[in-house]
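Q: sequence? don't have it. structure:
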């Protein structure tokens, strides 16, 4: 077995060595005694021959053209993802930000093997009509125990897209109910809605932000503004879009410009709120625009958004599908903002495996049953997984651990990337856990770096036009960070010196 | 324990006793040695006190107002659903048509407890980017082995709604690619799509049928035409609707009228196809409009639909979310039609637990990757469940068994309901497996019947305005049918004599 990198060669700076995590033991080592110590590379390139053969076979029946390589999940462990050929890569992408506790986590395995899980899997209930005796308890001990401050109710769904779309539906029904007051539906509403026409079908809108990503079904895709290829040829609602701040880095150097940019965006938003010809039922915003390029904004900006939504009685939906569940060094990224009033709804999926939205006002549950409704209304098997994820995060202080390892990573990357100012820029995500990204000067340079990462045994992802993003698990620790930093340093050197 | 019905009292007619199923043993008895012999009723009413208390607790955190009662899935077995109080009801609703092999089926339990399942559950992959080594095999042995004739590819999703919406997306991208030919996206398309405007965002449409139901997310809900309450206050695309035949029963008596009605509907559809001002990318149709009231049409009508879609180069999507997976006495209900050309896409969910759509033309996979795409692209844990469901259906001939018990049920119901011509009408679903329904003369009579069913230990559901529908599992056998028929006879007598 060949590890292409000699870690001893790499210089881990004194500054980084000086930074300690408070936890004196490695949780990863406890969970994963057999986790590789560094990437294990067997084939000359990735995808190797077994990956290629397996992917070709898959292609006979399933669209396989987005596959980077075929993975062997039984051979994956902790932070290391195995491919079909037995190469094991340090994974800082984690199934597009979806693996919370590492591959083959023993606590999750216990949950997966439990009788409770078998019951949930083989007797999948129509949860709204025939809820199980334990669904309330499972929610309370897991998904709801993790609820953001001030949000006490939840609606469960199946994916980030449908989490956002059910939140949109809640927003439209809420605003309509407020407008309608105690009146019943009118005859005209009842007739017109069957023809998809107003006044029964709403012409209210959801406002989203340039470069935002909120999913790919028809309602969510109408709010997605990341890339043309995500939206091309698909019908979309004529919903409005507002600018999202484009911050300059390093933040310290561009304080004034960035303040002005955020003020400009808030002012443009208020102008839209003030003059838009249709009712704006809600806005949806990500704490960090992830697919759109890891675009951050300040807590002050988000408080500004909250103030404007309150002023205009527009609901604020925070899309935490990618940022949620501890990765940013808070359980929910929007906790970084210290809002004076919590968001109206917060959506989740990915790292929780379960999906849905939290809400604070009970009136966001429509007044009549069967309106926010579908056959399954969630999935108890996923709620069980989410409960274990929450409990492990809580028990092991993975929020703080992620904050700390994130700080360590950020400092290390600052030093490494500072040496290549003509190649990389805009390192971002300071004090934001492991939610770190930076830009290359061009798409081809970005691709070259990602390809080199894979060749060196790191699985990493891009976002936006020029960015690479870190999305490791929550059990990515100092030793993993050291390997990642050493390999990154090595790759940058090879590429640019 | 009190069984409220003395089955000996009930008269099972000679005609029904004469009809035999070919299988000489009871699969249900093999799967479920402890299945109750008849409903077991403990509390004076359902929901009982434990159900009520449990539902109240659930309501603190989850919308519980659609709950009929709280279910104890660990105590449920085969065709009997247990509630929180220990009442065990003969279930002919099966979680809104979603339980294929009965509660706590041992073959599914084995799958649920397997290492393969644990791996799938705790390492949920981003299937399109990092497919697992076994996903192709699991699909081929399960979901794809069950593919309708002529449809060789599949795209996996998570619910009926997103199965339909991903099929819509495939249709829009296919039609756009055909129109665009070898040309690239234009600059105008690339810019306009980011503003949700044409020409980048499509103004093409999906046509659906009056009373159709295709889901509740924004695209699928735009094609849903079942009830105003399903659609009220939600924005909808301005997509067209065509009439669906309203057949008269008994079919034998109304041959001419029904032929004329179907011809009228086909002529109106052709008029829309001919003169609609926008491109119609696809139609979507259910083999039996289920939520809309169990509305059937003849094979000849559906062949007519196929002919028209071929003539106008419009794609035909058959929504088998509720009809699929053996319930109608064919694996796919549209096999009843003997189409000269298979549908372009067939969507599935519910009884398969896994969701998605089959397609026949490889060009329904868009030419570029990452267009039909999302984080998870399905769920391997559900694909494993679907494989077992398919294999058990196949091994145990559950398609034929369901056809036979359906015929038996239909004959029995014909006799019973014939005695109450002023109360019930339009018995339908002959030669359509257990997919049987009939109408009451009014909504209150329908409700009274459903309430009586529950009080007598039958869990049954309604659909449309006046119908009740049978949706038992695929292991609902002659002895279950006898109990159901006897109780139905008893209930009708009590209500109407």
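A: Structure received. Since we're looking at a predicted model, the values are computed, not measured. Numbers count the residues shown, from 1 in each chain, chains lettered A, B, ... in the order given.
Q: Taking the stretch 301-450 of chain A, what residue is nearest to chain B?
A: residue A:369 (3.8 Å; C-beta to the nearest C-beta). Where you see a C-beta, it was placed from the backbone N, CA and C, and this is true even at glycine.
Q: helix or strand for that residue, which one?
A: Using DSSP states H and E, residue A:369 is not contained in any helix or strand.
Q: Do I have it right that it meets residue B:65?
A: Yes. Shown here, residue A:369 and residue B:65 form a contact pair, counting by C-beta atoms under 8 Å, at 3.8 Å.
Q: the strands in the stretch 351-497 of chain A, which residues?
A: A:355-359, A:424-428, A:437-440, A:458-459, A:461-463, A:467-469 (DSSP state E, counting those that start in this stretch).
Q: which outside residues touch the fourth one?
A: It stands for strand A:458-459. The contact list for strand A:458-459 (C-beta atoms under 8 Å, 6 or more residues apart in numbering or on different chains) reads A:39, A:68, A:81, A:89-93, A:453, A:484, A:487-488.
Q: What of the first one?
A: Residues lying outside strand A:355-359 but in contact with it, judged by C-beta under 8 Å, 6+ apart, are A:143, A:147-148, A:151-160, A:162-164, A:166-167, A:170, A:317, A:321, A:344-349, A:365, A:378, A:382.
Q: The contacts of strand A:458-459 also near chain B: which ones?
A: A:68, A:81 (C-beta under 8 Å from any C-beta of the partner chain).
Q: Among the contacts of strand A:458-459, which lie within helices?
A: Of the positions in the contacts of strand A:458-459, A:453, A:484, A:487-488 sit in helices, assigned by DSSP state H.
Q: Max pairwise distance over those residues: which two?
A: A:453 and A:484 (9.4 Å; C-beta to C-beta).
Q: re earlier: of the contacts of strand A:458-459, just say which sits nearest to residue B:249.
A: Distance to residue B:249 across these (C-beta to C-beta) is lowest for residue A:68, with 56.3 Å.
Q: how much space between the residue positioned nearest the centre of chain A and residue A:147?
A: By C-alpha atoms, centre = their mean, the mean C-alpha position of chain A lies nearest to residue A:322, the distance being 0.6 Å. Between residue A:322 and residue A:147 the distance is 18 Å, computed by C-beta to C-beta, to the nearest Å.
Q: likewise residue A:421?
A: For residue A:421, the distance to residue A:147 - C-beta to C-beta - is 43 Å.
Q: which of these two has more neighbours?
A: Using other C-beta atoms under 10 Å in any protein chain shown as the criterion, residue A:421 and residue A:147 rank with residue A:147 on top: 21 against 9.
Q: any idea of the mean pLDDT in stretch A:409-426?
A: For stretch A:409-426, mean pLDDT rounds to 98.
Q: For that stretch, which outside residues touch it?
A: A:12-13, A:15-16, A:19, A:248-249, A:427, A:429-431, A:434, A:436-441, A:445, A:467, A:470, A:481, A:484-485, A:488-489, A:492, A:495-496.
Q: cutoff 6 Å now
A: With C-beta atoms under 6 Å, 6 or more residues apart in numbering or on different chains as the test, stretch A:409-426 has contacts from A:13, A:16, A:249, A:427, A:430, A:436, A:438-441, A:481, A:485, A:488-489, A:492, A:496.
Q: Any of those buried? List them.
A: Buried subset of the contacts of stretch A:409-426 (neighbour count, 16 or more other C-beta atoms under 10 Å in any protein chain shown): A:16, A:249, A:427, A:430, A:436, A:438-440, A:481, A:485, A:488-489, A:492.
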